[in-house]
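A.B. asks: This is a predicted model, with the sequence first.
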Amino acid sequence: MLRAPMTTAASPTTLPGEPHLPRGGRVLVVRLSALGDVLFALETVAALHHERPDVQIDFLVEDRFQSLLVDHPQLDQVLVYPRRRRLAIPASIWRLRRRRYDVVLDVHGIQKSAMHVLAARARLKVGPAGAAAREGAPLAYHRKVVMDPAPHRAEVGHRLLRAIGLSGEPAPPQLGLAPIPADLLRDLPRPRVFLHPGTSAFAAFKRWPSSRFAQLAEALATDGISVLVGFGPGEAELAAPVLAAAPHARAIDGKQLGLLGMATVMQQCDVVVAADTGPLHLGAAVGARCVALFGPKDERRYGPRAHGPIAHEILHHEVPCRPCRRRDCVTPLCVLGIEVAAVHAAVLRQLAAGATP
């Protein structure tokens, strides 16, 4: 029978989170996808590591995002769900059966993540219930943490930590950054603004038009601001007009640099401008100030996270149907209504805030 978390004050022989998490214990954090959500889950990792540095932390992630966790300073092992390989029983299931955990935290809360939670051998399995879980996932958990209304996606993990007796205080995510070509940023003076016009094809209706990114790039170049334009696989056509609009704009090819290489470039920029997409959260994770161009999604659940003195700026065009949960829209006025002048002004405000001593 599971016992409730201890509520007595910690003593020299009692660590926070015991009896569920003994000294030198092992925890599995499950977040399979997507890019932004994996970054949110790294907040959970950082918070756990900060409070219990003695604990070994493993992370289960889809193969599409495993490169994000290479040489992560707070993770012991990265387990990979091979989504690209259609197997009756994924190899990640067999690997989980060979390990034993004290606690499993499912911050994803869907059928695929719950399948792995069921396979894991652990004394305690914890996950979300209510609005933060879908597809019957709570059936896999010993302890279900009700989340109604659904909180910010990053907050899910912090609440799971509180459910095992830890403080769950937010902490900035850590990334093991990658080297970039020595000449990539050479002769590119500050301030630098990173523009990312793309989104995944699945989320194309959340895009701010490339033509407006091009107008923004031209305005910033006229201001004497260095412009960088990032793009991932299949997004070169979206980036092309933006690069053409600013004569000295620098192309940042995410396919060549990888996620951590792009993160390294963003860390050396002053502001990141992007739609509601993974690269926006990548910029926020490395400490860049962000101007987020939101459309249908609720920024209270999906907005970029801010740590320390940084405050991001989130823009959207107010319409009666926003926010919504649709997966497509013929006329997404919530994002199409954002004017270039408004984004330009937001970038200048963020640059001024960053320059303030």
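C.D. replies: Nice, I can see it. Numbering: from 1, shown residues only.

A.B. asks: mind listing what the residue nearest to Asp253 when sequence neighbours are not counted touches?
C.D. replies: Beyond its immediate neighbours in the sequence, the residue positioned closest to Asp253 (C-beta to C-beta, 6 or more residues apart in numbering) is Phe231, lying 6.6 Å away. C-betas here are computed from N, CA, C, even on glycine. For Phe231, the contacting residues are 196-198, 238-239, 251-254, taking C-beta atoms under 8 Å, 6 or more residues apart in numbering as the criterion.

A.B. asks: Let's see that with 10 Å instead.
C.D. replies: Under the criterion of C-beta atoms under 10 Å, 6 or more residues apart in numbering, the neighbours of Phe231 are 195-198, 237-240, 242-243, 251-255, 262, 279.

A.B. asks: Pull out the buried members of these.
C.D. replies: Neighbour-count burial (16 or more other C-beta atoms under 10 Å) is assigned, among the contacts of Phe231, to 195-198, 238-240, 242-243, 252-254, 262, 279.

A.B. asks: From the residues you listed, which land in helices?
C.D. replies: If you go by DSSP state H, these have 238-240, 242-243, 254, 262, 279 in helices.

A.B. asks: Show me which of these is closest to Ile180.
C.D. replies: Out of those, the one with the shortest distance to Ile180 is Met262. That distance is 8.8 Å, counting by C-beta to C-beta.

A.B. asks: Distance check, the residue lying closest to that closest one once chain neighbours are set aside against Pro279.
C.D. replies: Among residues not flanking Met262 along the chain, Gly254 sits closest, at 4.8 Å (C-beta to C-beta, 6+ apart). The span separating Gly254 from Pro279 equals 8 Å under the rule C-beta to C-beta, to the nearest Å.

A.B. asks: what touches both of these two?
C.D. replies: With C-beta under 10 Å, 6+ apart applied, the overlap between the contact sets of Gly254 and Pro279 consists of 196, 198, 230-232, 235, 262-263.

A.B. asks: As JSON lines, the buried ones among the contacts of Phe231 with pLDDT would be great.
C.D. replies: Compiled in JSON lines, the buried ones among the contacts of Phe231 are given as follows (pLDDT from 0 to 100):
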{"residue": "Leu195", "pLDDT": "98"}
{"residue": "His196", "pLDDT": "98"}
{"residue": "Pro197", "pLDDT": "97"}
{"residue": "Gly198", "pLDDT": "93"}
{"residue": "Leu238", "pLDDT": "96"}
{"residue": "Ala239", "pLDDT": "97"}
{"residue": "Ala240", "pLDDT": "97"}
{"residue": "Val242", "pLDDT": "98"}
{"residue": "Leu243", "pLDDT": "98"}
{"residue": "Ile252", "pLDDT": "98"}
{"residue": "Asp253", "pLDDT": "97"}
{"residue": "Gly254", "pLDDT": "95"}
{"residue": "Met262", "pLDDT": "97"}
{"residue": "Pro279", "pLDDT": "96"}
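
A.B. asks: three-state assignment of the nearest residue to Tyr141 once chain neighbours are set aside?
C.D. replies: Counting by C-beta to C-beta, 6+ apart, Tyr141 lies nearest to Gly127, which is 4.2 Å off, once chain neighbours are set aside. Reducing the assignment to helix, strand or coil with DSSP: H, G, I helix; E, B strand; the rest coil, the entry for Gly127 is strand.

A.B. asks: tell me which residues form a beta bridge with Gly127?
C.D. replies: For Gly127, the residues forming beta bridges with it (DSSP bridges) are Lys144.

A.B. asks: That one and Gly136 touch, don't they?
C.D. replies: No - taking contact to mean C-beta atoms under 10 Å, the distance of 11.3 Å between Gly127 and Gly136 leaves them out of contact.

A.B. asks: which one of those two has more residues nearby?
C.D. replies: Between Gly127 and Gly136, counted using other C-beta atoms under 10 Å, Gly127 has the larger neighbour count: 29 against 10.

A.B. asks: Show the contacting residues for that one.
C.D. replies: Gly127 makes contacts with 30, 104-110, 113-114, 117, 133, 137-145, 156, 160, 163, as judged by C-beta under 10 Å, 6+ apart.

A.B. asks: Derive a PyMOL selection command for the buried subset of the residues you listed.
C.D. replies: Typed into PyMOL, the next command selects the buried ones out of these (criterion: 16+ other C-beta under 10 Å):
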select buried, resi 30+104+105+106+107+108+109+110+113+114+117+133+137+138+140+141+143+144+145+156+160+163
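
A.B. asks: buried stuff in the least confident helix or strand in the chain by mean pLDDT?
C.D. replies: Across the helices and strands of the chain, the lowest-confidence element by mean pLDDT, DSSP states H and E is helix 91-97, at a mean of 87. Residues of helix 91-97 classed as buried under the neighbour-count rule (16+ other C-beta under 10 Å) are 92-93, 95-96.
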